[in-house]
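**Student:** Kindly return the folded structure for what I paste below:
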Amino acid sequence: SGVFQGNGHSIKGLKMNNKNNEGYKNAGLFCSLKDATVENLVIDSSCSFTGYQVGALGVFTTGSLTVKNTTNNAAVNGTYRAGGFLGYAFGLEQPVVISFEDCVNDANVTGSGFNAGGFVGLISSTIEMTVFFSDCINNGNTTGTWNVGGFVGHIQNNTNMTLTNSNSTNNGDVSGTNSFVGGFVGRIGGNTNMVMTIPNFINNGIINGGQDDVGGIAGYVDNNVHMTMSISDCSNNGNTTGNGLSVGGFVGYLSSNTNITVTILNSANSYNVIGSGIVAGFVGNISSNTNMVITVSDSINNGNVIGSGFDVGGFVGYMKGNTNMVITVSRSSNNGNVSGNKNSIGGFVGIIWYCVNVTVTIMDLTNNGYVSGCDDVGGFVGIIAHSTNMTLTISSTINNGNVTGNGLSVGGFVGRIGWNSFVTMTI
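**Tutor:** Residues are numbered from 1 along each chain as shown. Next up is the predicted model:
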């Protein structure tokens, strides 16, 4: 605890490799930090940290932590829980604040196992946690297997958590050999009462997943209860690719959440989004959620959205099995080409099916991109099927792009509507 005042000085020549030690296997400038402040410090590139759980500044924190105007240039290599500054925060049951202000990670972070992040590897099982990033930059590449993020690898099983990332940028490439990879965070799962606010975040890095659930901001958001996620004035300027399913320019997969509100305002995806299937410019997959509100407004997709299989959309690829959902997309445009080699391709939404009590409003939208696929291809929605108690409104919309299909059911606005019960549609 206390204040570590760097006064602009650098720590040089510290090399720690504890991975094969008989006893202590972790590595960091500090083992643990509690109610600590670190300011005006540089960890030089002549340093390196290798171990089981690793953070260049500290392995873990047991209390509040404030880091200001601090730069890490030291390579971080961990097996589990690896972060450019902090390896992990776990099991804290008292109110805790973790704050990074005007900090830069210039070093590569490598995790051979789970949970690798440009700043923090893992935040888990805390109560009353507040996490704040302000004017921070990650320039280092972050690589791992599962749960890999440009800032945070994995956020899980926290209660009453507030997370804000303001005016920050990821310039580093983020890659995972498996799933759950994101420009800001790899996975957000199992949290209760969580508020996540991301204003003015920019991703310039290439985001690549070896399998499923890849996003320019978040890879996988699952099994959260009472969650609010707000994304505003954000840009994804790097290609987002996955070799599997559920790839999105902003979020890969929203799954099995209850009482969740997602808002995307005044934001843009500017680069290509590529996956095997379930691919979209903003959110790849929205499935099995209950009591969900999604609002996208004043936003633009400029990147091409390319799927080698089914379910591709300019904004949302796939919506299945949601109950009590309201989704509104307004004052937005798709300028990228949307293509899939198979079925369910739409300029804004690929497929909506097996949903119950759903209201979809599409208004003041323009599609300027070419939309192409096999069956069920539409300028705005590919197919709406097997849903119950659904209201669909499309108003003040323009499709300027060519819509082509090699099979059945191709439409300028909607490709196919079928096998639904109690559907009200207004165009």
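**Student:** Spatially central residue for this structure, please.
**Tutor:** Central residue of the chain (C-alpha atoms, centre = their mean): A218, 0.8 Å from the mean position.
**Student:** how near is that one to T162?
**Tutor:** Distance of A218 to T162, computed by C-beta to C-beta, to the nearest Å: 16 Å. Where you see a C-beta, it was placed from the backbone N, CA and C, and this is true even at glycine.
**Student:** Could you list everything the residue nearest to the centre of the chain pairs with in the sheet?
**Tutor:** As for beta bridges, A218 partners with V185, V251 under DSSP bridges.
**Student:** can you tell me which residues contact it?
**Tutor:** The contact partners of A218, taken as C-beta atoms under 8 Å, 6 or more residues apart in numbering, are 149, 182, 184-188, 250-252.
**Student:** and if we set it to 10 Å?
**Tutor:** Residues in contact with A218 (C-beta atoms under 10 Å, 6 or more residues apart in numbering) are 149, 152, 155, 180-188, 196, 198, 229, 231, 248, 250-254, 283.
**Student:** Sitting in strands, which of those residues do you find?
**Tutor:** Members of these lying in strands (criterion: DSSP state E): 149, 152, 155, 181-182, 185-188, 196, 198, 229, 231, 248, 251-254, 283.
**Student:** Quick one, grab the pLDDT at S1.
**Tutor:** Listed pLDDT for S1 reads 74.
**Student:** Counting neighbours, what do you get for it?
**Tutor:** The number of residues packed around S1, counting by other C-beta atoms under 10 Å, is 11.
**Student:** next one: the one 3 residues further on
**Tutor:** As a burial measure, F4 scores 16 neighbours (other C-beta under 10 Å).
**Student:** ditto for G347
**Tutor:** Close neighbours of G347, defined as other C-beta under 10 Å, add up to 35.
**Student:** how close does it sit to G238?
**Tutor:** From G347 across to G238, the span is 23 Å (C-beta to C-beta).
**Student:** wait, isn't N389 in contact with T359?
**Tutor:** Yes. Here N389 reaches T359: they are 9.3 Å apart, a contact under C-beta atoms under 10 Å.
**Student:** overlap in contacts of the two?
**Tutor:** By the contact definition C-beta under 10 Å, 6+ apart, N389 and T359 are jointly contacted by 324, 424.
**Student:** Give me the buried subset of the contacts of A218.
**Tutor:** Buried members of the contacts of A218, counted by 16 or more other C-beta atoms under 10 Å: 149, 152, 155, 180-188, 196, 198, 229, 231, 248, 250-254, 283.
**Student:** So which residues of the stretch 201-350 of the chain form helices?
**Tutor:** Shown for the stretch 201-350 of the chain, no helices are assigned by DSSP state H, counting those that start in this stretch.
**Student:** Low-confidence bits of it, can you list those?
**Tutor:** Counting by pLDDT under 70, the stretch 201-350 of the chain contains no low-confidence residues.
**Student:** Burial check on N160, number of neighbours?
**Tutor:** Using other C-beta under 10 Å, N160 has 16 other residues around it.
**Student:** swap that for N266, please
**Tutor:** Around N266 there are 15 residues (other C-beta under 10 Å).
**Student:** Now it: closest residue in space that isn't a chain neighbour?
**Tutor:** Spatial nearest neighbour of N266, chain neighbours left out: D298 (4.6 Å); criterion: C-beta to C-beta, 6 or more residues apart in numbering.
**Student:** Wait, the one you found touches R331, no?
**Tutor:** Yes. Contact status for D298 versus R331: in contact at 4.9 Å, counting by C-beta under 10 Å.
**Student:** So for these two, which residues contact both of them?
**Tutor:** Jointly contacting D298 and R331 under the rule C-beta under 10 Å, 6+ apart are 265-266, 364.
**Student:** Name the nearest of those residues relative to L65.
**Tutor:** The closest of these to L65 turns out to be L265 (C-beta to C-beta; 30.5 Å).
**Student:** wait, what's in contact with the closest one?
**Tutor:** L265 makes contact with 199, 230-234, 295-299, 331 under the criterion C-beta under 10 Å, 6+ apart.
**Student:** With N259 instead?
**Tutor:** Per C-beta under 10 Å, 6+ apart, neighbours of N259: 192-193, 224-228, 289-293, 324.
**Student:** Ok, G313 next?
**Tutor:** 248, 278-284, 301, 305, 307, 319, 334, 338, 340, 344-352, 371, 378, 380-382.
**Student:** same deal with Y253?
**Tutor:** Neighbouring residues of Y253 by C-beta under 10 Å, 6+ apart: 179-180, 187, 212-215, 218-222, 245-247, 278, 283-287, 317-318.
**Student:** Could you measure from it over to G209?
**Tutor:** 11 Å.
**Student:** Now do the shared contacts for those two.
**Tutor:** Residues touching both Y253 and G209 (C-beta under 10 Å, 6+ apart) are 179-180, 215, 219-220, 246-247.
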